[in-house]
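Enquirer: From the sequence below, what's the structure:
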Amino acid sequence: MNKKKGSGKFILGALAGISLGFLFAPKKGSDTRAELKEKIDELLAKIKDVDASEVKQNIENKIEEIKKELEDLDKEKAYAIAKRKAKEIQLKAEDLVDYAIEKGTPVLEKAATSVKEKAIVVTKEVLKKLEESK
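Expert: A predicted model of the protein is given here:
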């Protein structure tokens, strides 16, 4: 099975090597074309040994792996953004409390403190849910 997986890479490498060899070979055009035809025939013979269903399955697996990584990336980005926003909300709530204290109004201070406490609870819950979904 590993032989078949490596055969695709081998074929691509062989094709690249053959092409470079022909480009730099100091031979007549007719000789070069004849050798190229021979190498193409060899390559076609090797391609017949490649298991198409295995190649298809490997490609599908790689695509699924990429999709999974993208989903994880989105979750991580969402978590990072939510974490940053939670911090911003908490800072703004603290600013609100500080402002209420500065203005010396106990009713506003109490309400602002309540908002701050609730903001902390809500942001922690959101972050916890995001963390659990990762």
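Enquirer: any low-confidence regions in this protein?
Expert: 1-12, 14-30, 32, 70, 73-74, 134 (pLDDT under 70).
Enquirer: Show me the domain layout of it.
Expert: With domains defined by automatic domain parsing, the chain comprises 1-50, 68-134.
Enquirer: Could you export these as JSON lines, including distance to Lys56 and mean neighbour count?
Expert: Bear in mind the C-beta positions are built from the backbone N, C-alpha and C, glycine included. As requested, the domains of the chain are exported to JSON lines (distance: least, CB to CB, whole Å; neighbours: other CB atoms under 10 Å):
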{"stretch": "domain 1-50", "distance to Lys56": "11", "mean neighbour count": "11"}
{"stretch": "domain 68-134", "distance to Lys56": "19", "mean neighbour count": "13"}
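Enquirer: Make a markdown table out of these and add distance to Gln57.
Expert: Output for those, formatted as a markdown table (distance: least, CB to CB, whole Å):
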| stretch | distance to Gln57 |
| --- | --- |
| domain 1-50 | 11 |
| domain 68-134 | 16 |
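Enquirer: for the helix or strand containing Asp31, packing partners?
Expert: Counting by DSSP states H and E, the element that carries Asp31 is helix 29-47. Where contact means 3 or more CB pairs under 8 Å, 6 or more residues apart in numbering; DSSP states H and E, helix 29-47 is packed against helix 2-24.
Enquirer: After the helix holding Asp31, heading C-terminal, what element do we hit next?
Expert: Next element after helix 29-47 (DSSP H and E): helix 52-103.
Enquirer: ok now that following helix, how far from the chain's centre?
Expert: 13 Å (CA atoms, centre = their mean, to the nearest Å).
Enquirer: The helix or strand following that helix packs against which elements?
Expert: Later in the chain than helix 52-103, the nearest helix or strand by DSSP H and E is helix 106-133. Contacts defined by 3+ CB pairs under 8 Å, 6+ apart place helix 106-133 against helix 52-103.
Enquirer: No more questions from me, cheers.
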